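K.L.:
please find the sequence and the predicted model below.
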Amino acid sequence: MRLALAATASLLALTSSALAGEARQVDHGMIVSTDNGEEVRVLAFADGSFRVTVADDVTDAAESLMVIAQPDGLPRFSTDDGWASLVSSGGTAMVQLTDGRLVVYGREGELLLDENASARSITPVELEGQGWFATRVQFNRGTDEGLYGLGQHQNRQMNYNGEDVELAQHNMAIAVPYLVSTRGYGLLWDNNSITRVGDPEPYEKLVADRGYGMMRVNSPDHQMGDVIPGWRAEYFLGDELVLSRYEDTIDYQYLRNQADWPEEATAAVEAATTGQNTQGNAVETQRVLWTGSFTPEVSGTHKFRLYSSSYVTVTADGEEVLNRWRQNWNPWYHNFELELTAGESVELKIDWEPNQGYIALEHADPLPDADRHSVSFASEAGKAIDYYVVPAPNMDDAIAGYRRLTGKAPMMPEWAFGFWQSRQRYNTQAELLDVVSAYRAAQIPIDNIVQDWFYWPEDSWGCHCFDPARFPDPTAMVREVHDQDARIMISVWPKFYPTTAHAQELAAGGYLYERPLEAGQLDWVGPGYANTFYDPYTAEARDIYWRQVRDTLLPMGFDAWWMDATEPDWHSNLSVEERKYQMTSPATGVPGAAIFNSYPLPHAEGVAEGLREAQPDTRPFILTRSGFGGVQRASAALWSGDVAARWDDLRDQISAGLNLSLAGVPHWTHDIGGFSLENRYSQEDPEHLPEWRELYTRWFQFGAFSPLFRSHGEFPHRETPVIAADDPAMMESLTYYHRLRYALMPYIYTVAAGTHFDDGTIMRPLVMDFEDDRETWEIDDEYLFGPSFLVAPVTQFEAREREVYLPADANWFDANNGQRLAGGQSVTAAAPRERMPLFVRAGAIVPTGPVIQSTAQDTGGVLTVHVFAGANGSFTLYEDEGTDMGYRDGEFTRIPVSWDEGARKLVIGERSGSYPGMHATRQIGIVVHDGDGGMEVFSAQPTTTIAYDGSAVELSFR
């Protein structure tokens with residue numbers, strides 16, 4: 001490989017002109033001044049990572065919000081044959097003196113990144129009278145590497161090679177601009193604005209054929225023998241066609257576009273009683289059918305994005321390509337692709353039931369193949385091109401490098417990994433307490449109950465206070481939850497009504513966004529109230545916000561903090577341009593377009609820092625709907641937003657969570673069952689009740705093997721004692737997964753501890769552990785839960801089996817029947833409604849505990865160690881007090897356990913460490929699974945039991 005590096009460097013030198021530009025060494029790196037007047041600065045970190053900055057003057061680069069590490073490497077600098085080089089512990093970064101082209105090699109000389117310098121651009125843009133730059137870079141044209149991460153995106157994309165991803169915060173979309181590659185690196189793009197990965201240009205709306213542009217749509221009709229440009233649009237009320245006309249484009253995307261709706265097709269409306277649909281609900285059935293003939297000028301893969309809410313179906317030449325539903329107050333994109341030939345038309349039909357909803361169709365022409373399959377970042381606003389390259393031999397190392405740059409994930413409290421019950425919402429103190437009591441009475445394990453929004457008086461959003469008519473004694477409520485060995489999380493928004501004292505204090509300091517108020521926007525509560533958010537971009541504003549929360553809610557004893565709408569989402573269905581304008585920071589003056597993606601990071605950090613100061617001996621826990629690079633350091637878990645309760649949406653959660661994990665964020669969850677439901681479910685239509693129950697059961701099974709296990713959503717109520725009360729088989733399934741989750745708590749908590757101590761990942765795409773098996777690169781509906789479990793959720797109604805790919809280089813146990821299977825094959829796994837396909841890797845060692853009702857229950861230290869024979873294996877059990885900060889001072893224990901397959905020998909090693917309250921002695925049972933089948937593996941009883949006092953024990957199973 002060293003020879004390969006030398007040969008490649010010589011070839012690069014031949015492609016450059018004679019020596020031009022200049023390079024100089026600086027602390028920790030170098031600066032190259034290129035022929036075109038740009039500077040390229042490369043700085044090294046001790047771990048081998050590089051920071052790369054490109055600008056006319058690199059000292060103009062903005063201070064990073066995401067990155068907290070400072071360059072500390074001592075690289076070797078040199079120049080040769082028109083190139084400047086830095087050699088660090090992680091590899092080599094080379095910059096061509098003429099044009100600033102960057103090439104990065106790994107420590108073995110393998111090529112990681114090769115920049116296309118001709119694609120690099122730093123284009124001046126003016127934002128609110130200020131000078132900024134639109135930036136773009138491109139690497140590795142024509143690459144076949146696997147690309148992952150980038151946050152949470154709900155378009156069922158797993159491997160991003162060849163895909164387009166827009167990083168723009170939105171309810172359900174989380175922008176974390178960190179990319180990891182099978183080629184052996186991670187790339188952190190340090191920019192706070194909207195960023196496009198893949199195609200650098202925004203998609204455009206399909207428009208009528210007016211003789212210009214690349215997007216040509218004609219109606220199926222003719223007039224005087226000529227084709228009529230545009231879409232034929234047919235509007236119906238009920239079954240009656242009330243309007244037929246031709247439209248240049250399909251664009252009812254935002255609130256501002258609703259004024260374009262034809263009066264003839266306007267339905268009667270009633271006020272919405274649920275959700276955030278300020279438009280109300282139509283009481284007449286509306287329908288629009290658009291028909292258009294699209295004639296491409298370029299052959300290849302044409303990409304489409306349908307932004308929609310309510311029911312919509314898309315067909316291409318009569319074949320259905322999309323069928324989706326979303327709640328009207330939270331429309332989003334649904335992607336589809338068509339392979340088309342230049343000059344050959346395809347008939348598109350979009351059949352939409354609006355109900356006061358939103359829709360738009362966007363399109364992108366094919367890119368040249370080498371550009372489609374490349375690594376490309378393009379941002380709308382920044383002070384410079386600024387990014388970090390993390391050479392890493394595997395994806396675990398790439399994530400560790402990301403956390404060294406942006407901050408470690410602190411230990412979460414153990415109870416956070418138990419079951420969470422939530423609802424939109426508990427209306428009274430009594431409702432909430434009754435739920436906890438119902439779980440305890442039914443002996444169904446639960447750790448956490450959640451009080452969602454609107455516990456305050458109607459006109460007092462932002463008071464952080466309780467309505468005394470509904471919550472007469474919130475402190476007593478919290479105490480009663482604690483008395484039942486449970487915890488409670490409280491919803492706290494960054495939103496304020498300007499009439500509250502808290503808002504007025506923030507406004508007095510200049511820390512309240514004024515533009516939403518100036519726009520006259522009213523929310524969906526009661527008659528509608530003027531509202532806005534606070535500006536978290538100064539320490540003073542964060543301090544005031546936290547003090548207000550601390551002085552009102554913290555004394556009541558709440559355990560966790562649910563920070564909702566942190567995109568920020570202060571008014572549903574505003575256009576992106578309106579959101580940018582309203583986000584301009586009143587305290588700093590930075591334009592909203594330049595900081596569009598970053599709001600959730602300073603907001604979460606302010607609360608986390610406040611909690612650590614106020615409760616220095618207690619681990620904070622924050623749940624936030626949005627995140628950004630570095631959010632994991634704020635003791636924050638993320639969830640996938642207000643997703644719809646549909647099978648497609650269940651499937652979309654899997655790749656969304658996996659890629660967020662590969663972006664370095666380890667703690668993630670989702671609303672089991674989906675947040676918003678169609679009327680056929682929410683109105684409890686008997687015809688559709690079986691499907692709703694099956695959807696919830698399948699989602700619950702997936703939830704039990706997610707980093708956090710959390711049920712939440714709108715009516716009907718999801719509490720296990722209620723939702724399955726008259727369905728014994730469903731009740732058996734739900735309680736089985738409740739109890740299995742708690743039985744696995746020793747394993748889960750150990751894996752969770754690894755996210756802190758080892759920068760580990762709980763929810764693992766198969767490519768992380770089986771990168772050499774190319775079959776794993778595209779799989780978006782299976783994953784590993786920790787190192788041992790392969791999880792295969794069922795995402796189709798009435799499916800009673802599913803295909804599961806078992807990765808090569810391992811054998812696998814079917815956890816539902818104990819049978820051992822060879823890897824490197826697809827199997828048809830049984831999937832009765834009550835069970836999800838689940839497999840355990842041969843060589844795995846899985847510690848389990850007894851059935852408990854919460855993590856606060858003392859188990860006496862009893863363990864069962866399950867050994868899955870067939871390969872050597874090891875697992876080191878981690879234990880600590882569970883809630884305090886002692887882990888930072890070494891107050892924890894580790895017990896190594898190893899299995900020697902050849903000798904059939906199990907060694908439970910010597911315990912290291914200690915912590916207050918530890919079990920000095922304990923009973924440990926052992927089960928060795930050999931793949932004989934016949935029973936669920938975790939129902940097997942120990943064949944051997946030992947008394948363990950911390951000394952090493954060796955056991956033979958010949």
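P.N.:
Happy to help now that I have it.
K.L.:
any idea how far Gln327 is from Ser640?
P.N.:
Distance, Gln327 to Ser640, using Cβ to Cβ, to the nearest Å: 15 Å. Every C-beta, even on glycine, is put in place using the N, C-alpha and C of the backbone.
K.L.:
contact partners for the residue nearest to the spatial centre of the chain?
P.N.:
Central residue of the chain (Cα atoms, centre = their mean): Gln152, 3.0 Å from the mean position. By Cβ atoms under 8 Å, 6 or more residues apart in numbering, the contact set of Gln152 is Met172, Ala173, Ile174, Val176, Leu638, Ser640, Ala656, Gly657, Asn659, Leu660, Ala663, Trp668.
K.L.:
that's a helix at the fourth one, yeah?
P.N.:
Spelled out, it's Val176. No: looking at Val176 with DSSP: H, G, I helix; E, B strand; the rest coil, it is strand, so not inside a helix.
K.L.:
measure it to Arg183 for me?
P.N.:
Val176 is 20 Å from Arg183, where distance means Cβ to Cβ.
K.L.:
so which of those two has more stuff around it?
P.N.:
More crowded of Val176 and Arg183, by other Cβ atoms under 10 Å: Val176, with 31 against 19.
K.L.:
gap between that one and Ala378?
P.N.:
Distance from Val176 to Ala378, by Cβ to Cβ: 17 Å.
K.L.:
just Gly606 next, same as before
P.N.:
Taking Cβ to Cβ as the measure, Gly606 falls 30 Å from Ala378.
K.L.:
same thing with His603?
P.N.:
His603 is 26 Å from Ala378, by Cβ to Cβ.
K.L.:
neighbour count winner among the two?
P.N.:
Using other Cβ under 10 Å as the criterion, His603 and Ala378 rank with His603 on top: 29 against 22.
K.L.:
tell me the secondary structure at the more buried one.
P.N.:
From three-state DSSP, the assignment for His603 is helix.
K.L.:
which residues touch it?
P.N.:
By Cβ under 8 Å, 6+ apart, the residues touching His603 are Pro494, Pro536, Arg542, Met563, Thr566, Thr624.
K.L.:
so which of the residues you listed are in helices?
P.N.:
Within the contacts of His603, residues falling in helices by DSSP state H are Arg542.
K.L.:
for the contacts of His603, work out which two are farthest apart.
P.N.:
Farthest apart among the contacts of His603 by Cβ to Cβ are Arg542 and Thr624. That separation is 14.3 Å.
K.L.:
between those two, which has more neighbouring residues?
P.N.:
Thr624 (25 against 22).
K.L.:
tell me which stretches of the stretch 451-600 of the chain form helices.
P.N.:
In the stretch 451-600 of the chain, the helices defined using DSSP state H, counting those that start in this stretch lie at 474-483, 501-508, 515-518, 539-552, 576-583, 600-614.
K.L.:
pLDDT averaged over the fifth one, what's the number?
P.N.:
Mean pLDDT, helix 576-583: 98.
K.L.:
so which elements touch it?
P.N.:
helix 515-518 (3 or more Cβ pairs under 8 Å, 6 or more residues apart in numbering; DSSP states H and E).
K.L.:
now do the buried residues in the helix it packs on.
P.N.:
Arg515, Pro516, Leu517 (16 or more other Cβ atoms under 10 Å).
K.L.:
again, but for stretch 59-67
P.N.:
For stretch 59-67, burial by neighbour count (16+ other Cβ under 10 Å) applies to Ala61, Ala62, Ser64, Leu65, Met66, Val67.
K.L.:
would you turn the residues you listed into TSV with secondary structure and distance to Thr755?
P.N.:
Shown next, in TSV, are the buried residues of stretch 59-67 (DSSP: H, G, I helix; E, B strand; the rest coil; distance: Cβ to Cβ, whole Å):
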residue	secondary structure	distance to Thr755
Ala61	coil	30
Ala62	coil	29
Ser64	coil	23
Leu65	coil	22
Met66	coil	18
Val67	coil	19
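K.L.:
I'd guess Ser78 is in a helix, am I close?
P.N.:
No: under three-state DSSP, Ser78 sits outside any helix and is assigned strand.
K.L.:
just the pLDDT for the closest residue to it other than its chain neighbours.
P.N.:
Excluding the flanking residues, the one nearest Ser78 by Cβ to Cβ, 6 or more residues apart in numbering is Ser85, at 5.1 Å. Listed pLDDT for Ser85 reads 99.
K.L.:
give the phi and psi angles for the residue nearest to the centre of the chain, as a check.
P.N.:
phi -110, psi 120 (degrees, to the nearest 10).
K.L.:
perfect, that will be all.
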